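1. This is a predicted model, with the sequence first.
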Amino acid sequence: MTLHHRTFDTVVIGGGQAGPSLASKLDARGEKVAVFQEGPFGGTCLNDGCRPTKALRASAHAARAARDGARYGVHVDGVTVNVAEAVERKDALIDGWRQGATDYYENHETISYVTARARLEGKQGDLYAVRCGDGADDVVTAPRIIINTGARSVPPAVPGLDAVDYLDHHTLLDLKEAPARLIVIGGSYIGLELGQIWARFGSHVTILEHGQRVASREDADISEMVADMLRDEGLDIRTGAAIARVDQSDAGVTVTFEDGTTLEGDRVLVAAGRVPNSDDLGLDTVGVATNKRGYIDTDEHFLTSTPGIYAVGDVNGRGAFTHTSYQDHEILADHLAGGDRSVARRISTYAMFTDPPLGRVGLTKADAVAQGLNVSVADYQFKDLTRAALDGVTAGLMRLVIDEDADRLVGAAVFGLAGDEVVQALSLLMHVDGPASALETWLPIHPTVAEFLPTVYRARGPVEG
Ligand SMILES: Cc1cc2nc3c(=O)[nH]c(=O)nc-3n(C[C@H](O)[C@H](O)[C@H](O)COP(=O)(O)OP(=O)(O)OC[C@H]3O[C@@H](n4cnc5c(N)ncnc54)[C@H](O)[C@@H]3O)c2cc1C
């Protein structure tokens, strides 16, 4: 919590997944660096995003495996889930990581790491001014500013919702008991992941998605498979859900739909959209431009419209993941050292951590066709994979999307057992710009999910219809 100087070479506003690592690299190059971070070390990912949700996902997976044991000849009677203990396990993991990193940065001899909100406040001479408190002395200056302030969830504009004690991804993670009936507003990645976890913890979960399908960024048939997998587990998935209003009721919460029907729940989780944390940064005082949705405009090296000011992570709209933010830091560090890395060649990749998960890279089938490529597609059902049968996890589909003219894989979806890992072999092939036909001669390990990639590749054919 020490400001070692008043004037720095670089000031980082926001300690997300890029800022602290950038600070360390610039410090190692001899720069004077300050990081201002509002809230606990680690930003969204560590505190209320990726890691805590995956810790609880592991507990939910264990619950499912215990209940399902008889299928494997393992009989477990009277399975109960103690949500408080699952949350304790999650907290122990997160607290340990957070404490170690906090100690490192707060006690750093040269990096100034300050737990405070910061905002830009114009210029002092040639330097940018950053305010981190109300006092006259709470201003530091630097010729270079790096913004890494992330994004936050926002509730949809549903009448009545603001008067309801609703849950978000932050408060849900600390519940000590599973609500008997949990309504989830939002059928995208976060809503589906959290809905499945709490269903496995014992809640009756209803997912309300206003669009016509969940996980709507995916090919329609894959969205449908995801919904079917969750329905098979007992989740009630309602698409085209037109919510008229939400009210607190004696029982808990009542959702009223536009057709007059209602749905009662004990708690409601809102997981329906995020906005960038760019609105209270004083961007106007230094002329940094944003787009209509508030994301900071940057070039391929994350330089904003103002010289010397960079934006990395979710706030630049070039990714919405920890891995994209972390890679932003690598690219910017390289660029500032005179290297030639840029974000221009980044291939989109991510996973939805339902269980089984969906791993994705590059284009969907629909997008590849829309781009006019000479596309062939290979689909392979998980029920036909040896490893999926051995493990008894047979839901899902593996899809390769190939540009036949270029002999290049342009996209893949692996929804099924280990999909989050298997897709990475395909992502690497795309990253090194290797030929798709290499999948045919590659030697995979038996018996794994990935061993079927050569078979899947050979099964490709033209897109029908
Ligand atoms: C429930 C959930 C699950 C997720 N799961 C995954 C996953 O499995 N995999 C994955 O890759 N991504 C996941 N994400 C997304 C991931 O968490 C984010 O993409 C990632 O954390 C973004 O990092 P960032 O660097 O942009 O900033 P963040 O991690 O959002 O951190 C920004 C920090 O800046 C602080 N800040 C904001 N304004 C200021 C200011 N003015 N001054 C000082 N500090 C400020 C904020 O308080 C915050 O702590 C998940 C997100 C959620 C919500």
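-> In hand now; what should we look at?
2. Only C-alpha atoms from now on, for both contacts and neighbour counts.
-> OK.
3. And stretch 59-77, end to end?
-> End-to-end distance of stretch 59-77 (C-alpha to C-alpha, to the nearest Å): 17 Å.
4. what comes into contact with that stretch?
-> Val79, Thr80, Val81, Ala86, Ile197, Trp198, Arg200, Phe201, Asp355 (C-alpha atoms under 8 Å, 6 or more residues apart in numbering).
5. go on, stretch 19-32?
-> 8-10, 12-13, 33-35, 110-111, 146-148, 312, 329-330, 333.
6. what's the neighbour count on the nearest residue to Leu281 once chain neighbours are set aside?
-> Spatial nearest neighbour of Leu281, chain neighbours left out: Arg119 (4.5 Å); criterion: C-alpha to C-alpha, 6 or more residues apart in numbering. Arg119 has 22 neighbours, counted by other C-alpha atoms under 10 Å.
7. picking that back up, inside helices: which ones of the contacts of stretch 59-77?
-> The members of these that map onto helices under DSSP state H are Ala86, Ile197, Trp198, Arg200, Phe201.
8. which residues does the first one contact?
-> By C-alpha under 8 Å, 6+ apart, Ala86 lies in contact with Leu56, Ser59.
9. can you tell me how far it sits from Pro52?
-> 10 Å.
10. now Asn277
-> From Asn277 to Pro52 the distance is 21 Å (C-alpha to C-alpha).
11. Mind checking which of these two has more residues around it?
-> Shown here are Asn277 and Pro52; by other C-alpha under 10 Å, Pro52 has more neighbours (24 against 21).
12. one step back: okay, and the beta partners of the residue nearest to Leu281?
-> Arg131 (DSSP bridges).
13. How about the contacts made by it?
-> By C-alpha under 8 Å, 6+ apart, the contact set of Arg119 is Ile13, Val130, Arg131, Cys132, Asp280, Leu281, Gly282.
14. how close does the fifth one get to Leu120?
-> Taking C-alpha to C-alpha as the criterion, Asp280 is separated from Leu120 by 9 Å.
15. okay, these two: which has more neighbours?
-> Between Asp280 and Leu120, counted using other C-alpha under 10 Å, Leu120 has the larger neighbour count: 22 against 11.
16. residues in contact with that one?
-> Tyr128, Ala129, Val130, Arg131, Leu281, Gly282, Leu283, Thr285, Val286.
17. Not counting sequence-adjacent ones, nearest residue to Ile237?
-> In this structure, Ile237 finds its nearest non-sequential neighbour in Ile207, 4.9 Å apart by C-alpha to C-alpha, 6+ apart.
18. And the one you found, how close does it get to the ligand?
-> 16 Å (C-alpha to the nearest ligand atom, to the nearest Å).
19. got it, and Asp247?
-> Relative to the ligand, Asp247 is positioned 24 Å away (C-alpha to the nearest ligand atom).
20. go on, His169?
-> 5 Å.
21. One more: Val432?
-> Distance from Val432 to the ligand, by C-alpha to the nearest ligand atom: 21 Å.
22. Same check on Thr2?
-> From Thr2 across to the ligand, the span is 15 Å (C-alpha to the nearest ligand atom).
23. Now that residue. Nearest residue, chain neighbours left out?
-> Counting by C-alpha to C-alpha, 6+ apart, the residue nearest Thr2 is Ser112, at 5.6 Å.
24. Next: Trp442.
-> Trp442 sits nearest to Pro454 (C-alpha to C-alpha, 6+ apart), 7.4 Å away.
25. Can you pull the phi/psi pair for that neighbour?
-> Per-residue torsions, Pro454: phi -60, psi -40 (degrees, to the nearest 10).
26. I'd say it and Ala436 touch.
-> No: using C-alpha atoms under 8 Å, Pro454 is not in contact with Ala436; the gap is 10.0 Å.
27. Same drill for those two, tell me which one is more crowded.
-> Taking other C-alpha under 10 Å, Pro454 and Ala436 do not tie; Ala436 has more neighbours (22 against 18).
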